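**Q** Fold the following for me, if possible:
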Amino acid sequence: MPLSQLQGVKLPASADFHVHLRDGPMMELVTPTIRQGGVNTVFVMPNLVPPITTVDHALDYKKRLQAIEPNVNYLMSLYLHESITPETIVEAKKRGITGVKSYPAGVTTNSSSGVVDYTSFYPVFAEMERQGLILNLHGEAPSKGDVTVLSAEERFLPILAELHARFPKLRIILEHCTTAAAIEAVKQCGPTVAGTITAHHLSIIIDSWAGDPFCFCKPVAKTPADRDALLRAAASGNPKFFFGSDSAPHPSASKRGGEKIAAGVFTQPYTTQVVLDSFEQAVENGVLKDEDITPEIVEGFMSKFGRAFYAIGEEQQEFIKVEKKGEKIVEILKSDKTDVVPFRKTQETWTVTWL
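**A** Model (predicted):
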């Protein structure tokens, strides 16, 4: 049975505060699917090749995205790199850039130019604090020594605490939280720190990606207890937690193997739908109660809290209707140049209709 309070309900359009839209043929394939997922606002990640380290590059990328799908509000970011200076941050603020994304060197797709030493960026963070730009953290320690993909997030959390202590007015987002420890770390920080939670991490666990490369992402899904902590945070009504899909498309061949399986789960055409699927699954498993998943809870997590943290409004508010009526996720999206397999392919999901 679908969630009783949501069948046929009207909701504000969702906002997705963590998306990968790639470049070239993949960008052309996936960008038109944003609104299919009930989303009209996205925060775009800068880990292209080469990474987006200048304001001009970010704004050129935005123009190309707008040419493909003009009915989406694209919030643009810079890639934290040694070439980024306080002067870059001042220019970014003046020209409408929203945030700066930090990748620890080597932890995920296209992160080889990432951060080795956070202290070297303290002058940049201080200017971001003054200018009101957001610091978006990929919260994993690199896998070396005794650090593995299963412990990488938890081992990163002291860096979050240190940055927040040094820059208490800097808005920081711990992106794609995957552990109960991450949820608690965000709660322990002040109101300038928030955490995003993805659609796929609300449902999958270690066993999911260990047996299915299309569920393999970075950070990897963890234990059932961690997944349940994410579900409770997403359904808690706590404004420190909001939606960021981390939808990350890769051609199907790169997900099926070769030298290395690409890390990333593609949810873009079904982001709102998959979150509702995950809540529904959680109710069936007794993790959440049906009465917990109200329209207000969904609106907060999928739209209201993130928009408030980013301090953005909508020039013209849009609405969607959600209902369960037997729609199935497609098996693959294709163009004549590339393809991508969606998360939960062929499974039944919710239907989103724009009003």
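**Q** for the helix-or-strand element of the chain with minimal mean pLDDT, the distance to its chain's centre please.
**A** Least confident helix or strand of the chain, by mean pLDDT, DSSP states H and E, is helix 252-256 with a mean of 87. When C-alpha coordinates are averaged (C-alpha atoms, centre = their mean, to the nearest Å), helix 252-256 and its chain have centres 21 Å apart.
**Q** need the strands for the chain, in chain order.
**A** Listed in chain order, the strands of the chain (DSSP state E) span 9-12, 14-19, 39-44, 73-75, 77-79, 99-102, 134-137, 172-174, 193-197, 241-243, 319-323, 333-334, 339-340, 351-354.
**Q** nearest to Pro50, of the ones you listed?
**A** Closest to Pro50 of those, according to C-beta to C-beta: strand 77-79, at 8.9 Å. (C-beta placed from N, C-alpha, C; glycine too.)
**Q** Which parts of the stretch 201-350 of the chain are helices?
**A** 206-211, 224-234, 252-256, 271-284, 295-299, 305-310 (DSSP state H, counting those that start in this stretch).
**Q** how about the CA coordinates for the least confident helix or strand of the chain, as CSV?
**A** Taking Å, rounded to 0.1, in the frame of the first residue of the first chain, the C-alpha atoms of helix 252-256 are listed here in CSV:
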residue,chain,number,x,y,z
SER,A,252,26.6,1.3,-18.4
ALA,A,253,29.8,-0.3,-19.6
SER,A,254,31.8,1.5,-17.0
LYS,A,255,29.4,0.2,-14.3
ARG,A,256,29.7,-3.4,-15.5
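**Q** before we move on, the earlier item: got the strands of the chain as a markdown table, with mean pLDDT, mean neighbour count and distance to Thr223 columns?
**A** Output for those, formatted as a markdown table (pLDDT from 0 to 100; neighbours: other C-beta atoms under 10 Å; distance: least, C-beta to C-beta, whole Å):
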| stretch | mean pLDDT | mean neighbour count | distance to Thr223 |
| --- | --- | --- | --- |
| strand 9-12 | 96 | 16 | 31 |
| strand 14-19 | 98 | 28 | 22 |
| strand 39-44 | 98 | 25 | 28 |
| strand 73-75 | 97 | 19 | 32 |
| strand 77-79 | 97 | 25 | 30 |
| strand 99-102 | 96 | 25 | 26 |
| strand 134-137 | 98 | 25 | 22 |
| strand 172-174 | 98 | 28 | 18 |
| strand 193-197 | 98 | 26 | 16 |
| strand 241-243 | 98 | 27 | 19 |
| strand 319-323 | 97 | 18 | 29 |
| strand 333-334 | 96 | 17 | 31 |
| strand 339-340 | 97 | 22 | 28 |
| strand 351-354 | 98 | 16 | 31 |
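**Q** Turn those into TSV, including distance to Thr148.
**A** Formatted as TSV, the strands of the chain follow (distance: least, C-beta to C-beta, whole Å):
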stretch	distance to Thr148
strand 9-12	39
strand 14-19	23
strand 39-44	29
strand 73-75	33
strand 77-79	25
strand 99-102	21
strand 134-137	19
strand 172-174	19
strand 193-197	22
strand 241-243	26
strand 319-323	38
strand 333-334	32
strand 339-340	28
strand 351-354	37
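**Q** now for those strands, which one comes closest to Leu230?
**A** Of these, nearest to Leu230 by C-beta to C-beta is strand 193-197, at 5.3 Å.
**Q** distance between the closest one and the chain's centre?
**A** Centre-to-centre, strand 193-197 and its host chain are 10 Å apart (C-alpha atoms, centre = their mean).
**Q** Neighbouring strands of it in the sheet, and parallel or not?
**A** strand 172-174 (parallel), strand 241-243 (parallel) (DSSP bridges).
**Q** on that earlier part again, deepest-packed of the helices of the stretch 201-350 of the chain, please.
**A** Across the helices of the stretch 201-350 of the chain, the average number of neighbours (mean count of other C-beta atoms under 10 Å) peaks for helix 271-284, which reaches a mean of 23.
**Q** same for it, what does it pack against?
**A** Contacts defined by 3 or more C-beta pairs under 8 Å, 6 or more residues apart in numbering; DSSP states H and E place helix 271-284 against strand 14-19, helix 224-234, helix 295-299, strand 319-323, strand 351-354.
**Q** what's next to the third one, contact-wise?
**A** What that stands for is helix 295-299. For helix 295-299, contacts defined as C-beta atoms under 8 Å, 6 or more residues apart in numbering pick out 5-6, 9, 11-12, 235, 237, 275-276, 279.
**Q** burial count for Val7?
**A** One thing to correct before we go on: residue 7 is Gln, not Val. 14 (other C-beta atoms under 10 Å).
**Q** ranges for the helices of the stretch 51-200 of the chain?
**A** So, for the stretch 51-200 of the chain - with DSSP H, counting those that start in this stretch - the helices run 55-68, 86-94, 122-131, 152-166, 180-188.
**Q** Could you provide these in JSON lines, with additional columns for distance to Asp207 and mean pLDDT?
**A** JSON lines is the format used below for those (distance: least, C-beta to C-beta, whole Å; pLDDT from 0 to 100):
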{"stretch": "helix 55-68", "distance to Asp207": "36", "mean pLDDT": "98"}
{"stretch": "helix 86-94", "distance to Asp207": "42", "mean pLDDT": "98"}
{"stretch": "helix 122-131", "distance to Asp207": "38", "mean pLDDT": "98"}
{"stretch": "helix 152-166", "distance to Asp207": "18", "mean pLDDT": "94"}
{"stretch": "helix 180-188", "distance to Asp207": "18", "mean pLDDT": "98"}
